[in-house]
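Show me the folded form of this:
(12 chains)
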12 protein chains.
Amino acid sequence: MPKANKKILVIHGPNLNLLGRREVSVYGKVNLEAINKQLKKLAAELGVALEIRQSNHEGQIVDLIGASFKKYSAILINPAAYTHTSVAIRDAVAAVSIPTVEVHLSNIYSREEFRHTSLISGVARGQICGFGIESYLLGLRAAVALIKQ
Amino acid sequence: MPKANKKILVIHGPNLNLLGRREVSVYGKVNLEAINKQLKKLAAELGVALEIRQSNHEGQIVDLIGASFKKYSAILINPAAYTHTSVAIRDAVAAVSIPTVEVHLSNIYSREEFRHTSLISGVARGQICGFGIESYLLGLRAAVALIKQ
Amino acid sequence: MPKANKKILVIHGPNLNLLGRREVSVYGKVNLEAINKQLKKLAAELGVALEIRQSNHEGQIVDLIGASFKKYSAILINPAAYTHTSVAIRDAVAAVSIPTVEVHLSNIYSREEFRHTSLISGVARGQICGFGIESYLLGLRAAVALIKQ
Amino acid sequence: MPKANKKILVIHGPNLNLLGRREVSVYGKVNLEAINKQLKKLAAELGVALEIRQSNHEGQIVDLIGASFKKYSAILINPAAYTHTSVAIRDAVAAVSIPTVEVHLSNIYSREEFRHTSLISGVARGQICGFGIESYLLGLRAAVALIKQ
Amino acid sequence: MPKANKKILVIHGPNLNLLGRREVSVYGKVNLEAINKQLKKLAAELGVALEIRQSNHEGQIVDLIGASFKKYSAILINPAAYTHTSVAIRDAVAAVSIPTVEVHLSNIYSREEFRHTSLISGVARGQICGFGIESYLLGLRAAVALIKQ
Amino acid sequence: MPKANKKILVIHGPNLNLLGRREVSVYGKVNLEAINKQLKKLAAELGVALEIRQSNHEGQIVDLIGASFKKYSAILINPAAYTHTSVAIRDAVAAVSIPTVEVHLSNIYSREEFRHTSLISGVARGQICGFGIESYLLGLRAAVALIKQ
Amino acid sequence: MPKANKKILVIHGPNLNLLGRREVSVYGKVNLEAINKQLKKLAAELGVALEIRQSNHEGQIVDLIGASFKKYSAILINPAAYTHTSVAIRDAVAAVSIPTVEVHLSNIYSREEFRHTSLISGVARGQICGFGIESYLLGLRAAVALIKQ
Amino acid sequence: MPKANKKILVIHGPNLNLLGRREVSVYGKVNLEAINKQLKKLAAELGVALEIRQSNHEGQIVDLIGASFKKYSAILINPAAYTHTSVAIRDAVAAVSIPTVEVHLSNIYSREEFRHTSLISGVARGQICGFGIESYLLGLRAAVALIKQ
Amino acid sequence: MPKANKKILVIHGPNLNLLGRREVSVYGKVNLEAINKQLKKLAAELGVALEIRQSNHEGQIVDLIGASFKKYSAILINPAAYTHTSVAIRDAVAAVSIPTVEVHLSNIYSREEFRHTSLISGVARGQICGFGIESYLLGLRAAVALIKQ
Amino acid sequence: MPKANKKILVIHGPNLNLLGRREVSVYGKVNLEAINKQLKKLAAELGVALEIRQSNHEGQIVDLIGASFKKYSAILINPAAYTHTSVAIRDAVAAVSIPTVEVHLSNIYSREEFRHTSLISGVARGQICGFGIESYLLGLRAAVALIKQ
Amino acid sequence: MPKANKKILVIHGPNLNLLGRREVSVYGKVNLEAINKQLKKLAAELGVALEIRQSNHEGQIVDLIGASFKKYSAILINPAAYTHTSVAIRDAVAAVSIPTVEVHLSNIYSREEFRHTSLISGVARGQICGFGIESYLLGLRAAVALIKQ
Amino acid sequence: MPKANKKILVIHGPNLNLLGRREVSVYGKVNLEAINKQLKKLAAELGVALEIRQSNHEGQIVDLIGASFKKYSAILINPAAYTHTSVAIRDAVAAVSIPTVEVHLSNIYSREEFRHTSLISGVARGQICGFGIESYLLGLRAAVALIKQ
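Below you'll find the predicted structure:
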């Protein structure tokens, strides 16, 4: 199958729209537009298309994943705060059986105790965290590698 | 009061719209339309009307329950993933004081540890789980029995 | 196989012989004779036979379940206090591989902390709790549905 | 009501039949006959009758308590090992609503961790432990005092 | 800067629209309109403007807080059920860096165990709970005091 | 009853005598005299009298509260370190049945883990924390509101 | 040694001076004077002398126990709130090696979770709880029995 | 003392009568008769006599152990489900002071969490698990070795 | 396959070289040479060869197990202190898929709490503990039995 | 600054006045006078002055530390039982910012579980335990070393 | 600085030498040589040099990291089993202050509970897991990205 | 016995070879050579000889301790990271029965949670922590004092 046909759903979770303004000591000055721009550039290089969405609503993210069935070859998700609290997103990922890559800007394991647990990682194929914007780019590469398998 | 006047609100929680596609080993091949059809058939037999809703949004479910006050005689809910995480749905059920029956397709007590706890069961009248589509039908009978009391 | 041949073992666990006298605020005024009478009536309607036993002895309940092999098509059990403490009854249910329905008069999840855990539910097909005498009747319907599958 | 009519059920739990042989460093050399003799002597002084039973069977103790309803004015029980594991005995005590006094020969709070929790004490009127044979005699006095109230 | 220019965002969390009907033993008979009326009256006295919103949706509350940046001088929030479950609201509060006051009608520390933990309080400036409608009025005073600093 | 007759007992717990010298990064530079002065000024405005005491001794605080019966209409207490360790102060507050307001200078929920639990809040009417000296002033308003009810 | 020479130190812990006023639903209407009067009467019958003290101060109770060495044959203590929090009183009891009887008016095991643990019971000879004023009288008998051994 | 006089009590705990039918994936197809036959054969080789009992009743097992005093030189026990729940059997073993060997057919440490804890192993001389029927044969050798010491 | 060809790797974990000097009250006076001598004698009887190694180094034990692949028919290991702390040894045992028997001289379940957990037992075929030198001999028999299967 | 001007506050916590009589198996026969004599002798050698105090009262110890500000160069404290329970002493140490050395006669880490946690050590500069009287002498040297820095 | 000069230390932890033979269901058939070959190829593309080491010894890994100071620009480590148990490797990483990337072949969060905790991730810059050999390649890209910053 | 004959084994645990480079904010700038030099100087003053070793290998430290039997009068050990994870070192210390002093440069009780537990302290005679290089010097004095006893 030609790679050019592959489409990947990118989901930015809650508060990522505030990036750049938000806790600069933790997340740096990069904003969401910059991330998306770099993701698109790399996607072009790797020969895949992207559909990018941001939502602060757990239910919308569940809707998005539920609707992704047969439309996307992989999901790249930064579940942000919902990482630690959403069984619903976990169940959605498990339900659609699309290979899913979980990414985080910060190293969630060197932050508050309640950020050390991910409900998503048990159903994702893998997880990448701590490299800032690079987490997304590596995640995109991982997603493309999963598609190729 | 004639039973024919009774109306029961049926709420399907997150990801139940995916039923049939979702984790077939756990949930079988039944889909939501089949469940609703059987529910309506049994409701007709038991002489009650049903209002059936599905939502992936915790807030919408809270809205639905909050608006049910004085409009419904009972609630039949499968809170799905929100069973384990939603204090808001629990508070909504407690607030409206309508007899509520909690149902689950699968036996939540023989699955992952985090599914063993239900925030809803403490305020529901009772719980039925593990019988697949039959859980809903038994739940509807339970709701009708509660109305009769 | 004609349903009329089907036999279901009903087991009432410890202290259920005291029903009606026991903690009326929790269990209501119904007594065991009334429950058995209603169970038999519904069994006749559903075309199944019942063998009904009550015991306060964990070992006797284990004996009963062990001896049920090839004699019963399903087990309907209210393990009462042994719900929370008996690995032996759990092992017996697992050993005989007869579909088992667990019922409770009260909603065990809205009572003391130590009643929130059921050792039986992990091996039962499903659980019904909180509907008083109706829990048994729904449980019998569930058992019959399991036999039909 | 004349005290002479009062009857108290005394229950010795599991392994108390071995007393005198059993772990002498913990329980001393006293045996069950000696305890019963002193209990009867004190009962005579206090004008109450005693029915004394020992059992190693949780179910028999549940039976005994269940049958005590309207026959005894109080229960004096040393649940021994079942103190820490029996929800069934707890439920039996709660069911019959007869004032119950829990006694222990040894100080259960200065022994192994798992002996620090009593499932019985939450439904008993009070508890006496650590005074050897004297625990029983004080317990009998407590039971008589409860009857008088 | 003249106080009259200051604007405070007031957020009422899930189920607060049901106030007055909801669990009267816990929350009393006051309803949301009454609270808002008293808040506006006090705001006028203290020379600040209010923007008041109620939502049952976690995502909407996150949206509201995210959009508050540079528009409000303080946030007064009763996160209700989301107090105990929403990392997303916590992150939103932390992201916008607007001084935030957390209020509760009831004393959350004398209710169920799961209400004793607040995910919000770690990022709020302070918390006020237990005084019913007065919690809001004191919270507004606290917010105004924070603005003045 | 005219408000002017009302008297409120203000208790400053251990180490508050060191305020101003103590951990300036946490508590700021305000000292106890400044707090008391502002409290007295506000009390005059609100038409209540104050009795103000500071003690480092758990027993003295228990004595003070025990002796407050029928002499004070409300208690305003900053239990400081005893918040987290004193069942005795909790019992004293419960014993005298005088409406009690718990205040803290700092936000105890954003400090060390062991400061997240308050033994007092379960018996106080409400709690205010995190607003520095303003916590006391809001607490005094809360106490006056409780008296008026 | 003649019993008449024996002296027992009776210690009433924090808030027991408030008895009769304090939480009547838990402790009944009996007050400390009534308890002391009955204790003295029984002591006379049993041929022992009593020294009775009440204190709200952990340190004073430690002082009292420390000073009891060689002056008393036994200690009868109701540590009240300090039961659950005082390692210092535990250490004092262990240090003086005088047989000590721990008593409680209420059944501490049927109250709040934090009252289920006693730091004192590990070093006391035994514990009596739940019988109201009778707990003290039985405790005195237990102390006299310990002296006789 | 001649070995031929030695007698060992073998106790099979609950549900072992079902062996061969029970969870074949865990326990294999061996049944109790086969185990007993092999045990007897090995006993003859080792010059000891066996008394073999199976019971589903915790109380009967306690009775058996209590009655073993001075009649048996060792006990070989597979407590099965009671391994994890019976303080009474633990106390019985401790009481009779006969060297006791605990055996399990399956490796209890690679099964469910609640099977990882043995209440018996703390008072047994040693434990053997995971070798199927061989666990019993090794256990018999261990018992004989203990007798010889 | 003739048994004489079979070779078993015996691994003695950390500090077992000190046996005989080490905590005689726990381990007795036997030393490692005596154990090895008896193991070799029994191996000759059972027709298997032994390779015996002792190491205090977790890494060396991992090396040994990793190198055992296709060279040994079974492993007999006393992981000593590493029982409770080494995931690496667990992974090595799982990796080589050679049937492994875990033995301990002492009964690890009647010692300190931290010795009650074995990381190895989840991947070993079975465990034998508490019989001193006999644990090794029984373990060797178990290993031979596993090879024969 | 000449060392001779330095003054160190030595605080002996609860029950240390009983030393020599108290649990000789744990603390040996040394008494407080002997410790103080040796401390003074060493202080003279090291050129520092000592102020030595003993108290059984948590509040007095808090008072002492609070009053030490600008009067002492270091604090040497054996908080004894308050080590494990006093947040107030912890706060006092933190408040005065005087370098503090915590000492214990016994090794608190080889005693009861509840003695393994020190609330003081988090704010002390360091801790010395287990060396009997030598703990104090080493602690004094440590304090002098801290002053010199 | 020219990238060509950059050198990265790659550390493979315990049992990775067994890859390909080890638990194929978890790790697939890839072996260490294949991984190293692909790593070297990518390193050449990215213009960095690699030093690759495998060790089963915790101490050797600590030695390696300690010696890496000023010799390497980054560390790429798969700590394998030591991920969950080694504070020493954690301390080594923290000590040398070289940017470190943690990788895992499998998704450690969907395996046994004890593999969900990483002692290393708290001091690593980021973590990548679950992508098999791709985890290493992405990790190398992450390391190069960290060097460039 | 003349003190000059006494020899003490000094063991520096993992990563201490990096001292001076390692986390300067925690450990200061002192390096291992400086510590050893000061230790030797003090040893000369106190009339004892030292054997000083550093190792990053748990197994080597176990070897060292095992070999110390009858060669050294005391052990002075800074187990560093192995403090919190090594049962093997604990067992080695217990096995050789040589008085052992545990020292730490930093105050382990004011660092991360997992550093608050020492597996070594339960078998060491005492512990000294938090005084930097002075911890070692005081530890040497403690070791000499233990030898003298």
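
From here on, just use CA atoms for contacts and neighbour counts.
Noted.

Just the mean pLDDT for stretch A:60-73, thanks.
The average pLDDT for stretch A:60-73 rounds to 94.

and if you look at stretch A:10-22?
For stretch A:10-22, the mean pLDDT works out to 90.

Please work out which residues outside that stretch touch it.
Stretch A:10-22 is contacted from outside by A:27-32, A:50-57, A:61, A:75-82, E:59, E:62, E:66, E:88, E:91-92, E:94-96, using CA atoms under 8 Å, 6 or more residues apart in numbering or on different chains.

Drop anything exposed from these.
A:27-28, A:31-32, A:50, A:54-57, A:61, A:75-82, E:59, E:62, E:66, E:88, E:91-92, E:94-96 (16 or more other CA atoms under 10 Å in any protein chain shown).

Among those residues, which ones are in helices?
Among the buried ones among the contacts of stretch A:10-22, the members found in helices (DSSP state H) are A:27, A:32, A:61, E:59, E:62, E:66, E:88, E:91-92, E:94-96.

out of the residues you listed, who's nearest chain F?
Nearest to chain F among these is E:Ala94, at 12.6 Å by CA to the nearest CA.

Now that closest one: closest residue in space, sequence neighbours ignored.
Spatial nearest neighbour of E:Ala94, chain neighbours left out: E:Val123 (6.0 Å); criterion: CA to CA, 6 or more residues apart in numbering or on different chains.

In a helix, that neighbour, correct?
No. E:Val123 sits outside any helix when classified using DSSP: H, G, I helix; E, B strand; the rest coil, being coil.

right, and it touches F:Ser110 too?
Yes. Counting by CA atoms under 8 Å, E:Val123 does reach F:Ser110; the two are 7.2 Å apart.

For the two, indicate the residue with more neighbours.
A direct count of neighbours by other CA atoms under 10 Å in any protein chain shown for E:Val123 and F:Ser110 places E:Val123 higher, at 23 against 18.

give me every residue that touches the more buried one.
Taking CA under 8 Å, 6+ apart, one finds E:90, E:93-94, F:110 in contact with E:Val123.

May I see these organised as a markdown table, with pLDDT added?
Output for those, formatted as a markdown table (pLDDT from 0 to 100):
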| residue | pLDDT |
| --- | --- |
| E:Arg90 | 96 |
| E:Val93 | 96 |
| E:Ala94 | 94 |
| F:Ser110 | 83 |
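
Out of those, which comes closest to D:Glu134?
Comparing the contacts of E:Val123 against D:Glu134 with CA to CA places F:Ser110 closest, at 51.7 Å.

Distance check, the closest one against G:Ala81.
Relative to G:Ala81, F:Ser110 is positioned 28 Å away (CA to CA, to the nearest Å).

in chain A, what secondary structure element scores lowest on mean pLDDT?
Across the helices and strands of chain A, mean confidence by mean pLDDT, DSSP states H and E is lowest for helix A:24-27: a mean of 64.

quick one, phi/psi of the residue of chain A found nearest chain F?
Scanning chain A for proximity to chain F using CA to the nearest CA identifies A:Glu113 as nearest, at 11.0 Å. Backbone geometry at A:Glu113, expressed as degrees, to the nearest 10, gives phi -50, psi -50.

roughly how far apart are the residue nearest the centre of chain A and K:Leu137?
Of all residues in chain A, the one closest to the mean position by CA atoms, centre = their mean is A:Ile77, 1.7 Å from it. Distance of A:Ile77 to K:Leu137, given as CA to CA: 20 Å.

quick one on the thing from earlier: does the closest residue to the residue nearest to the centre of chain A other than its chain neighbours belong to a helix or a strand, and which?
Nearest non-adjacent residue to A:Ile77, counting by CA to CA, 6+ apart: A:Ile11, 4.7 Å away. Under the criterion of DSSP states H and E, A:Ile11 resides in strand A:7-12.

Neighbours of A:Glu113, how many?
9.

What is the neighbour count of A:Ser121?
Number of residues near A:Ser121 (other CA under 10 Å) recorded here: 23.

so what's the residue nearest to the centre of chain A up against?
By CA under 8 Å, 6+ apart, the contact set of A:Ile77 is A:10-13, A:100-103.

go on, A:Gly122?
Here A:Gly122 is in contact with K:107, K:109-110 (CA under 8 Å, 6+ apart).

Dump the residues you listed into CSV; add secondary structure as well.
Below are these laid out as CSV (three-state DSSP):
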residue, secondary structure
K:Asn107, coil
K:Tyr109, helix
K:Ser110, helix
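
any chance of those in TSV, plus distance to chain J?
Converted to TSV, the contacts of A:Gly122 look like this (distance: CA to the nearest CA, whole Å):
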residue	distance to chain J
K:Asn107	36
K:Tyr109	31
K:Ser110	34
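
contacts with chain A among those residues, please.
By CA under 8 Å from any CA of the partner chain, the members of these lying near chain A are K:107, K:109-110.

any idea which of those residues is the one closest to C:Val144?
Looking across the ones next to chain A among the contacts of A:Gly122 and measuring by CA to CA, the closest to C:Val144 is K:Ser110, at 37.3 Å.

next one: phi and psi at the residue lying closest to the closest one once chain neighbours are set aside?
Among residues not flanking K:Ser110 along the chain, A:Gly122 sits closest, at 4.4 Å (CA to CA, 6+ apart). The phi and psi values for A:Gly122, taken as degrees, to the nearest 10, are phi -70, psi -20.

Also A:Ser121?
phi -60, psi -30.

who touches the closest residue to it other than its chain neighbours in this structure?
Nearest residue to A:Ser121, sequence neighbours excluded (CA to CA, 6+ apart): K:Tyr109, at 6.0 Å. Shown in contact with K:Tyr109 (CA under 8 Å, 6+ apart): A:121-122, K:115-116.
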